[in-house]
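> based on what follows, work out the 3D shape:
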Amino acid sequence: MTTIGLITEGPTDQVVIENILTGYFNNYDILFQELQPLRDETNRVSEIGGWTKVLEYCKSGRLKAALLYVDFVVIQIDTDVSELKGFDVPWKENGVDLSPIDLVERVKEKLIGLIGMDFYQDYQDKFLFAICVHQIECWFLPLFYSDNKREKISGCLNTLNRQIGKTMGFTIDQLNKNQKYYQEISKMFWKPKILKKCYPYNPSFAYFIHSVEEKQGIIPED
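Numbering: from 1, shown residues only. Predicted coordinates:
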């Protein structure tokens, strides 16, 4: 059984990553270990989440210990916070916006620096980076749009809410995100054909899927 550790900003991000990988592997028996933030036996978060906690975990001994009992570890973080003090990865260079992939690469470089280059090189086959430009909600847009809105990388939550309010009967509150809503949306990715159809429209989503492909082969057709 494949075991995947999750280091994410919050529990809603964990749900999304779990459902994407369930669809990718076409396997409902993957064992997910929520490393950061932790959940208790009732599935409630027992530790504080947030981007600062992701960075702290990457440079902690807890990460090194976790790699002893997982096959892979996914590190998820949104780039909407990357310019903040303490993260310090700007969106621009010489006044010009970085491409989504360049921004992903720079955030990845930042995370590897926190992990430690020597340690990372020893265990790099176990690491997967889910770096979302600029929010993980952008990865949902191809599920609901067939025009250029599915390619957006900013203002994604508002764009998503306009559609899910009509089709799913709920909207997501930016300050009080409901895990159940993220489960309901992201479980659409359980179907490999839907996942395969959607991810190419978002560069950071595609980057994540391609990194999984490099380790585990192609997405199943059925």
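> packing partners for the helix or strand that contains Lys53?
Using DSSP states H and E, Lys53 falls within helix 51-58. Packing partners of helix 51-58 (3 or more C-beta pairs under 8 Å, 6 or more residues apart in numbering; DSSP states H and E): strand 3-7, strand 31-36, strand 72-78, helix 100-115. Any C-beta I mention is one placed from the backbone N, CA and C, and that applies to glycine too.
> winner for burial among the ones you listed?
strand 72-78 (a mean of 24; mean count of other C-beta atoms under 10 Å).
> average pLDDT across that strand?
Mean per-residue pLDDT for strand 72-78: 97.
> elements contacting it?
strand 3-7, helix 11-25, helix 51-58, helix 100-115, strand 127-132.
> related to what we said a few turns ago, so which of the helices and strands packed on helix 51-58 is nearest Ile136?
Each of those was scored for nearness to Ile136 using C-beta to C-beta, and the closest is strand 72-78 (6.1 Å).
> can you list the strands that the closest one pairs with?
With DSSP bridges as the test, strand 72-78 is paired with strand 3-7 (parallel), strand 127-132 (parallel).
> any chance of those in CSV with distance to Leu67 and mean pLDDT as columns?
As requested, those are exported to CSV (distance: least, C-beta to C-beta, whole Å; pLDDT from 0 to 100):
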stretch, distance to Leu67, mean pLDDT
strand 3-7, 8, 97
strand 127-132, 9, 98
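> wait, which of those strands is closest to Ile20?
Of the strands paired with strand 72-78, the one closest to Ile20 (C-beta to C-beta) turns out to be strand 127-132, at 8.2 Å.
> same for the next helix or strand after the closest one, what does it pack against?
Where DSSP H and E defines the elements, the next helix or strand beyond strand 127-132 is helix 141-144. Contacting helix 141-144 under the criterion 3+ C-beta pairs under 8 Å, 6+ apart are the following elements: helix 156-167, helix 192-198.
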